[in-house]
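# Have a look at this prediction, sequence included:
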Amino acid sequence: MGVIRRQSIKHSIVNLFGLGIGALSTFLVYPHVRSEFGLIQVLLQFGLLGLPLMSLGGNTVAVRFFPKFKDATQGHHGFLPLLAAMCGVGFTLSLILVLFFGDIYKAGIQARSPLIAHYFWFGLPIAFCYSASMVLSAYSSNFKRIVVPSLLLDFSQKLALPLFMIGVWQQWISLSIAVWGMVIHAFLVTCGLIFYLNKLGEWHWKPNWSFLSPALKKEMAAYIGFWSIGGFALLIAAKSDIFMVGSLSAESAAGTFAICAALAAIIEIPIKSLYSASASSVAAYLNDGNLGELGKLYKSVSINLLVAGLLLFGGLWVSIDSIFQFFPQSQIHEMSAGIWVFFFIGASRLVEMTTGLNNNMVYYSPYYKYAFFSLTASAAITISLNFWLTPMIGIAGAAVATLVSITLYNLFSVWLVWTKYRLFPFTFNTVLAILLAVAAFLVAWILPDTRIPLVNIFLKGSVYALVFGIAVLRLNISPDLNGLWTLAFKKIKEFNPF
């Protein structure tokens, strides 16, 4: 895991800087513009939910089939132009669907969410640029390059969005200008990724349609057809919560949900890093039939993500009441409904982390079609629970729906990988890590309340992290993390500023 670990560390550092900016924005800016922030988040969700159809599953095709096309001397046999053609066809199909059904959707939400209805069409260019950027980012991961794409896709958005929201809040710019600004930002991100691939020497733009043998065409067509539908179902199950809240409630509710989900997104930092760095290795091991190395990677990523997730989730949850005290006093009452949103969304991220690379192993294997049934069921469960729970218990209902659907889907993927490959992500250390987290939480939780929010956060969070971290290292729960700690400690000892 040398290359994967290095890229993951760099990627995590980028995300940590983004986390700092996001935290400041979450507490100091977004609560003052909840409706406007909710609008932007729903528009961004158009791109996320539309990705499978707009790219015809290009973000997964870019990784799944790259080993078959890989040949630097031949420009990878025109793989990049093929991906671009898929995006062109997907966008055309998406445009036709939106022209037919867009007005129906707008009419349905006009009374509850007038801002979303008014700015609905701005979601289309944002969605297309986002989809193209995701495909280019996935393509870059084949060369173990995930840091710069992350800077462009994630970090730059964490800079741009709060700046636009500050402008709206202080009435320096109108909401229309802010929305146009997000459209321009999405376009510049796509241009930046094109420039980056060109600089890497991987912008091979010469098609090679003759390389597509009848057998390969048939295999790719089946995969593309599956992910155009199945990928959409997956995103409905896992990522449609903000969109559903905005459609079933109001923009302000979507804003509150998005703010609390942003806090839970802190837990996702290790997921993004290890998933992005490991995806190409999973595809290569499956293509080569190297189940031994794949099994090692499967277990390693699972325990590493679980430990990192428990560290972040437990440290935040043990002091969540104090964290919410940092929201503006005028917004605390409305924001308090989001505490359980954080819990359920955070728990869903822990489920994803605990099951490790199981979904990637299904997506890039010959058995990806089996996931269609679980994807469809998960999407149906998500939509049904949203319609049932959101009116009943508010925005926490959407978070519960996400947790249930993600849990069921991941359990199916774990079962499928075990059935087909006899590979399992869990070990005794998985259970031990969870028990250690519970013990550390109880130790931190019983500490007295100082009635000073910042002191409470520092005290309880530090005690939890210290108890959990020492126990994990002492019991060697994750050899990779122990090796990383040993390396870091060695560097510190060798450091000499004079």
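Right, received. Where do you want to start?
# Give me the nearest residue to residue 450, chain neighbours excluded.
Residue nearest to residue 450 in three dimensions, not counting chain neighbours: residue 456, with 5.6 Å by Cβ to Cβ, 6 or more residues apart in numbering. (Each C-beta comes from the backbone N, C-alpha and C, glycine too.)
# Under the pLDDT cut-off, which ranges of the stretch 101-250 of the chain? List them.
230-250 (pLDDT under 70).
# follow-up on the earlier one: quick check: buried residues in the host helix or strand of the residue nearest to residue 450?
Of the helices and strands defined by DSSP states H and E, residue 456 is found in helix 453-474. The neighbour-count check on helix 453-474 (16 or more other Cβ atoms under 10 Å) flags 453, 456-457, 459-461, 463-465, 467-469, 471-472 as buried.
# Could I have the CA atoms of it written out in CSV?
Presented in CSV, the C-alpha positions along helix 453-474 are these (Å, rounded to 0.1, in the frame of the first residue of the first chain):
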residue,chain,number,x,y,z
PRO,A,453,-18.4,25.2,24.9
LEU,A,454,-14.8,25.5,23.6
VAL,A,455,-13.4,23.9,26.7
ASN,A,456,-15.9,21.1,26.6
ILE,A,457,-15.0,20.3,23.0
PHE,A,458,-11.3,20.4,23.6
LEU,A,459,-11.5,18.4,26.9
LYS,A,460,-13.9,15.7,25.8
GLY,A,461,-12.7,15.4,22.3
SER,A,462,-9.0,15.2,23.4
VAL,A,463,-9.8,12.6,26.1
TYR,A,464,-11.7,10.4,23.6
ALA,A,465,-9.0,10.7,21.0
LEU,A,466,-6.2,10.0,23.5
VAL,A,467,-7.9,6.9,25.1
PHE,A,468,-9.0,5.5,21.7
GLY,A,469,-5.8,6.3,19.9
ILE,A,470,-3.5,4.8,22.6
ALA,A,471,-5.6,1.7,22.8
VAL,A,472,-5.6,1.2,19.0
LEU,A,473,-1.8,1.6,18.8
ARG,A,474,-1.0,-0.6,21.8
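# Quick one: mean pLDDT for it?
Here helix 453-474 scores 92 as its mean pLDDT.
# So which residues make contact with it?
307, 310-311, 314-316, 318-319, 322-323, 325-326, 433, 436-437, 439-441, 443-445, 447, 449-450, 477-478, 481-482, 485 (Cβ atoms under 8 Å, 6 or more residues apart in numbering).
# Can you turn the buried part of those residues into a ChimeraX selection?
ChimeraX command restricting these to the buried ones, with burial defined by 16+ other Cβ under 10 Å:
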select :307,310,311,314,315,316,318,319,322,323,325,326,433,436,437,440,441,443,444,477,478,481
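# Give me the domain ranges for this protein.
Per the record, the chain has its domains at 2-426, 427-491, by automatic domain parsing.
# Burial-wise, tell me which of these comes out on top.
Among the domains of the chain, domain 2-426 has the highest mean neighbour count (mean count of other Cβ atoms under 10 Å), at a mean of 20.
# how far does that one sit from the chain's center?
Distance, stretch centre to chain centre, for domain 2-426: 4 Å (Cα atoms, centre = their mean, to the nearest Å).
# What of stretch 460-467?
A distance of 26 Å separates the centroid of the chain from that of stretch 460-467, by Cα atoms, centre = their mean.
# Where do the helices of the stretch 351-498 of the chain begin and end?
358-363, 371-393, 395-421, 428-445, 453-474, 479-494 (DSSP state H, counting those that start in this stretch).
# Report all helices and strands that the second one contacts.
Read that as helix 371-393. helix 214-239, helix 241-248, helix 395-421 (3 or more Cβ pairs under 8 Å, 6 or more residues apart in numbering; DSSP states H and E).
# what's the longest helix in the protein?
Counting by DSSP state H, the longest helix found in the chain is helix 79-109.
# Which strands or helices does that helix pack on?
Using 3+ Cβ pairs under 8 Å, 6+ apart: helix 79-109 touches helix 34-54, helix 58-64, helix 114-118, helix 123-141, helix 241-248.
# That one to helix 34-54, inter-axis angle?
Angle of helix 79-109 versus helix 34-54, following axes from the mean of the first three to the mean of the last three Cα atoms, to 10 degrees, is 130 degrees.
# got the angle for helix 79-109 vs helix 123-141?
Computed by the same axes, to 10 degrees, the angle between helix 79-109 and helix 123-141 is 150 degrees.
# Residue 37 versus residue 395, what's the distance?
14 Å (Cβ to Cβ, to the nearest Å).
# Sorry, wrong one. I was asking about residue 141.
30 Å.
# what's the answer for residue 348, then?
Distance from residue 348 to residue 37, by Cβ to Cβ: 22 Å.
# and what of residue 367?
41 Å.
# what's the answer for residue 57, then?
Counting by Cβ to Cβ - residue 57 and residue 37 are separated by 30 Å.
# Could you do residue 325 as well?
Noted for residue 325: a distance of 20 Å to residue 37, by Cβ to Cβ.
# and if you look at residue 404?
Separation of residue 404 from residue 37 (Cβ to Cβ) stands at 26 Å.
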